[in-house]
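Visitor: Generate coordinates for the sequence data below:
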Amino acid sequence: MRFFRAMDINGTALGAQRLRLDLISTNIANATTTRTPEGGPYRRKVPVFAEDLNQAVAGNSILNGVRVLEITEDQAPFRPVYDPSHPDANAEGYVYYPNVNMVNEMVNLLEAGRAYEANVTAFNTAKEMFKAALSIGKA
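Guide: The predicted structure follows:
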């Protein structure tokens, strides 16, 4: 039913921002992980979003919301720190730490949180509009 399209679109956006918040939390938690099962330090994870479109009649597209294309690994270089006593130090005494910048992650966390809040507000506004429309017929 097209009546609930706004709520469906906000639902996809809420899911996307929740995934983004989860990835940011994972990045922060692994900011000092120097050894992973894949080998080497942890690589920062980033979601890639795209609009979810359906082709409509006459070539016009209808927006269905947002979808996650993939979760990529940031290819920025690792941060070398000289610490010859560390168990993961190389022959020159350097340990490579993840490419996670805590300041950037905190900014991304705030941005994702605000986007999530905005989508909750839009969802609740649509819900109130639907309730008001339904109450018109009751009077």
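Visitor: Against Asn104, how distant is the closest residue to Asp83 other than its chain neighbours?
Guide: In space, and not counting its chain neighbours, Asp83 is closest to Val95: 5.0 Å by CB to CB, 6 or more residues apart in numbering. (Glycine included, C-beta is placed from N, CA and C.) Going from Val95 to Asn104 by CB to CB, to the nearest Å gives 21 Å.
Visitor: Pick out whichever of those two has more residues nearby.
Guide: Val95 (21 against 12; other CB atoms under 10 Å).
Visitor: That one: helix or strand, and which one exactly?
Guide: strand 94-97 (DSSP states H and E).
Visitor: so Asn10 touches Asn119, yeah?
Guide: Yes: judged on CB atoms under 8 Å, Asn10 makes contact with Asn119 at a distance of 5.0 Å.
Visitor: hey, where'd the helices end up in the protein?
Guide: Taking DSSP state H as the criterion, the chain carries its helices at 5-29, 102-136.
Visitor: list the buried ones in the last one?
Guide: I take that to be helix 102-136. Applying a neighbour-count criterion of 16 or more other CB atoms under 10 Å, one finds 105, 108-109, 112, 115-116, 119, 122-123, 126 buried in helix 102-136.
Visitor: swap in the first one?
Guide: Across helix 5-29, burial judged by 16+ other CB under 10 Å covers 6, 9-10, 12-14, 16-17, 20-21, 23-24, 27.
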